[in-house]
Structure formats: structure tokens, C-alpha cells
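Fold the following for me, if possible:
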Amino acid sequence: MDDSCIICGSREFCEIYPEKLSADSFSPYAFSARGPYREAGHCQIVKCPDCGLVRFNNVITEDEAEALYKQSYYLYEDESEYVVQTYFDLFSGLAESLHGDRRVLEIVCGDGGFLEKLADAGVFEVTGIEPCQSAVSRAASSIRSKIITEMFRLHDVKEDSFSLVAAFHLVDHLFSSRTLELLLQKAGFQFHKIGALANRFPVPY
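Next up, the predicted model:
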């Protein structure tokens, strides 16, 4: 299992806190976005001595995580409007950098609210990727057909197929240290929002 740093690729780490896991740590409920993940415990928390990234070490495989994310629950309907507005405000200052080419991919798009906001602006061609079937089912009908209900894979992004890739808290969940580097080679621009603690599975975003 790859426990290398997702930023610099280093395999060295210093433990900050030992893991605290239980049977409840590996359930669809524990993997639900913005859910009560504190009750599920946490993996070993470590710090990369080379770049300083604080993260969780992996304890399950990517396939196991994919199955749990697909079965996870949509628990943040009451928060969605505010989350979307926050992301849109962060993004709006970058819109002019895209010039005339405005094909946007959002990785882990949830209920598609951010994509819907971009589409409503009338100047964006949008696509989303989201593994949680429950979240995608809540997307607006005009957006749902534009969402790929799967885990993100690099082959989903063809060379120069998008002018911008938006990813909110995605870095917290990557297994491969090469993903960001390879993604940057395929997309013209990336926009990431990263939490205070960059984590690994099984703690949800």
C-alpha cells in the first residue's frame, strides 16, 4: 500500500498521533461527506519531514474506499447552498484567467451545486465526477447528466480537454503522489481548496 507523501512523494514520515479506529470507521456512513466522522476515529496521523504535509496514512485499498464512497450518504443538503457560494466566491476571481476557453471539470462535485452555479453564469461548459450516488441523485436535472458517477481516474481527463480543473478538498483523498503532477500536464489550470489537515482515507472530506 502506497503511503508516500501526495505532495513531494517522500516515503519518510514522523508519527504525530497513533491510529484510533473501530469497526464503525469503515462504513458508508463514516465515509459520507460532511458527516459525523469524528465518531469514526482516525488513521495514524503523520508529518512529512521533507515538505511538512500533515496527513493520515492509508489503511485500506483504493478499491475498498471506492465501494464505501459509492454507498455513502448525502448528509449536507442544508449546508449545500452556503458551501457552493463559498466556492464560487473563491473561484470568481480566477474566471478572467480562462479567457474564451471555459471548459470546467470539478472532481468530487457532490450534488453538482457549484457546477450549476457556473452553468447559470452562462459562460461555462461543465462536467463533474462524483462517486456518491446519493449526492448525484440530488443534483439538478440540468446538471445530473453532466456528472460521471465514479471515482476520479486520470484517464477521465484527456489532454487539453478542460481549461480548468476545480477540486475542493480532493488532495485530502488522493492515493498516488503522481496524480496532481500528471493532472497538471493534462489541464491548463487547477484550482484546489485544501483543508487545514490534509488527510487520507477513511476520514471523509
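
Arg144 - how many residues pack around it?
Each residue near Arg144 was counted by other CB atoms under 10 Å, and the total is 16. Quick note: C-beta positions are derived from backbone N, CA and C, even for glycine.

Ramachandran angles for the most centrally placed residue in the chain?
Geometric centre of the chain, nearest residue: Leu170, 2.6 Å, by CA atoms, centre = their mean. With angles defined as degrees, to the nearest 10, Leu170 sits at phi -70, psi -40.

I'd say it and Cys109 touch.
No - contact criterion CB atoms under 8 Å: Leu170 and Cys109 do not qualify, at 10.4 Å.

Is Val104 bridged to anything, and to what?
Val126, Leu164 (DSSP bridges).

Quick check, Cys51 in contact with Ser10.
Yes - taking contacts as CB under 8 Å, Cys51 lies within contact range of Ser10: 7.1 Å.

Could you report the separation of Lys158 from Val108?
Noted for Lys158: a distance of 19 Å to Val108, by CB to CB, to the nearest Å.

more crowded one of these two?
Higher neighbour count among Lys158 and Val108: Val108, with 22 against 9, using other CB under 10 Å.

Tell me the secondary structure at Val59.
Following DSSP: H, G, I helix; E, B strand; the rest coil, Val59 is assigned to coil.

pretty sure it contacts Lys20?
No - Val59 is beyond contact range of Lys20, at 11.4 Å (criterion: CB under 8 Å).

So which of the two has more stuff around it?
Taking neighbours as other CB under 10 Å, Val59 and Lys20 compare with Val59 leading, 18 against 12.

For the nearest residue to the more buried one once chain neighbours are set aside, grab the count of nearby residues.
In space, and not counting its chain neighbours, Val59 is closest to Cys43: 5.2 Å by CB to CB, 6 or more residues apart in numbering. Neighbour count for Cys43, taken as other CB under 10 Å: 22.

and stretch 56-73, how far apart are its ends?
22 Å (CA to CA, to the nearest Å).

Buried ones in it, by neighbour count?
56-60, 62, 65, 67-72 (16 or more other CB atoms under 10 Å).

how much space between the residue nearest to Val108 when sequence neighbours are not counted and Glu130?
Among residues not flanking Val108 along the chain, Leu170 sits closest, at 5.4 Å (CB to CB, 6+ apart). Applying CB to CB, the value for Leu170 to Glu130 is 11 Å.

Now the common contact residues for these two.
Val108 (CB atoms under 8 Å, 6 or more residues apart in numbering).

quick one: the strands in this structure?
14-17, 20-21, 41-42, 45-47, 54-56, 103-107, 125-129, 147-148, 164-168, 190-193 (DSSP state E).

would you turn those into JSON lines with mean pLDDT?
What follows is the strands of the chain, written out as JSON lines (pLDDT from 0 to 100):
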{"stretch": "strand 14-17", "mean pLDDT": "93"}
{"stretch": "strand 20-21", "mean pLDDT": "86"}
{"stretch": "strand 41-42", "mean pLDDT": "77"}
{"stretch": "strand 45-47", "mean pLDDT": "90"}
{"stretch": "strand 54-56", "mean pLDDT": "83"}
{"stretch": "strand 103-107", "mean pLDDT": "87"}
{"stretch": "strand 125-129", "mean pLDDT": "91"}
{"stretch": "strand 147-148", "mean pLDDT": "94"}
{"stretch": "strand 164-168", "mean pLDDT": "82"}
{"stretch": "strand 190-193", "mean pLDDT": "57"}
